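Enquirer: Pasting the sequence and the predicted model now:
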Amino acid sequence: MLSDSKDNDLGSLLTGVFQKKNWQRRMGLHQVFLFWDNVVGTEIAAHAQPKVIKGDVLWLNVSDSVWMQHLQFEKLSVLDRINDRLKGLTAKFADKSGKPLRISDLRFDISRTSLAKVKPVEKIQPARIIDKKRLAEFEQLLAMVNDPKVKDSLRHLWLLVEGRNK
């Protein structure tokens, strides 16, 4: 059994190592892994997850290039939300420098393995311009149909086919 003096020596040694290696600050920055989903929301979290922190740069695994591009546009907003959350943790994970915990940049890596939470990205069809004259002619034909559900289904089908033929 260790005596109290040996426990204190071990504690002092570990504290010294933590300070020398700046591990306290690193532990603080890595809190991002714990609060990521809450800070960015479920939609982003489903397509991007923290991978590693190098220096003060957070690398993210991203599901695909579409999400990588989307996050590029959202980068400043995401960084602000992360850094606001880290600001509250600075005192708990303070180091000798006294610098606040802060992530300076986000970098992206398209995941080679699928993220566990990733849902397939729906492909967005570009908006097609429907000829108003042809639509009016079709609406005249639809006037002969009495059932509103059938009328709506036919209109929907016609718009789909007409949009694809342009």
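Expert: Arrived safely, thanks for sending. It should be emphasised that the depicted structure is a prediction, and the values quoted were computed from it without experimental measurement. Residues are numbered from 1 along each chain as shown.

Enquirer: Can you tell me which residue is spatially central in the chain?
Expert: Ile44 (2.9 Å; C-alpha atoms, centre = their mean).

Enquirer: what's the neighbour count on Trp36?
Expert: 19 (other C-beta atoms under 10 Å). Where C-beta positions appear, they are placed from N, C-alpha and C, glycine not excepted.

Enquirer: Over to it. Which of the three states is it?
Expert: Following DSSP: H, G, I helix; E, B strand; the rest coil, Trp36 is assigned to helix.

Enquirer: For it, give me its contacts.
Expert: By C-beta atoms under 8 Å, 6 or more residues apart in numbering, the contact set of Trp36 is Ala45, Gln49, Pro50.

Enquirer: Please determine how far the first one is located from Phe108.
Expert: Pointing back at Ala45 there. 15 Å (C-beta to C-beta, to the nearest Å).

Enquirer: Of those two, which one has the most company?
Expert: Neighbour totals were compared for Ala45 and Phe108, and Phe108 leads with 19 against 16 (other C-beta under 10 Å).

Enquirer: Can you tell me who that one pairs with across the strands?
Expert: Leu60 (DSSP bridges).

Enquirer: wait, isn't it in contact with Trp59?
Expert: Yes. At 7.5 Å, Phe108 and Trp59 qualify as touching, with contact defined as C-beta atoms under 8 Å.

Enquirer: Got the phi and psi for Asp105?
Expert: phi -160, psi 160 (degrees, to the nearest 10).

Enquirer: Number of residues surrounding the residue lying closest to it once chain neighbours are set aside?
Expert: Spatial nearest neighbour of Asp105, chain neighbours left out: Val57 (4.7 Å); criterion: C-beta to C-beta, 6 or more residues apart in numbering. When counting by other C-beta under 10 Å, one arrives at 12 neighbours for Val57.
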